[in-house]
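Asker: need a 3D model of the following:
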Amino acid sequence: MSEPDYEVLSTLSEREDGTSTLHEQAAKMGWSRSRLSRHASRMEARGLIRRAPDPADGRGCLLVLTPAGWDVLRDAAPSHVASVRRHFVDRLTSDELAALGRIAQKLSAGR
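Answerer: Numbering: from 1, shown residues only. A predicted model of the protein is given here:
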């Protein structure tokens, strides 16, 4: 699975029902709507997500994580976590990790 695939699936999985509007998803990922739409088409063709009409916006659509998408994400998550640990977490001291936690908390409080 590609990094962009993982990013789409993992951010959708953060939603309680695995569903997000294309607009919200693109904003969360920092992608343009057209980039996400093209990528979503490829993922939809592989059965990882599906599109549904957005009842709140007749011009928009919802991206919905499918059961197959959940399975692929669950299979990929352990390797992803191990890679993040190996390339990032394990390279920092406990003081650096604590500082990073404080920085992240400060940044998220500013939303």
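Asker: ok, longest strand in this structure?
Answerer: strand 57-65 (DSSP state E).
Asker: packing partners for that strand?
Answerer: helix 3-13, strand 19-21, helix 22-29, strand 49-54 (3 or more C-beta pairs under 8 Å, 6 or more residues apart in numbering; DSSP states H and E). Every residue, glycine included, has its C-beta placed from N, CA and C.
Asker: as CSV, the ones you listed with mean pLDDT and distance to Ala77 would be great.
Answerer: Below are these laid out as CSV (pLDDT from 0 to 100; distance: least, C-beta to C-beta, whole Å):
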stretch, mean pLDDT, distance to Ala77
helix 3-13, 93, 8
strand 19-21, 94, 19
helix 22-29, 92, 18
strand 49-54, 95, 17
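Asker: of the ones you listed, which is nearest Arg42?
Answerer: Closest approach to Arg42 among the helices and strands packed on strand 57-65 (C-beta to C-beta): helix 3-13, 8.5 Å.
Asker: with that, I have no additional questions.
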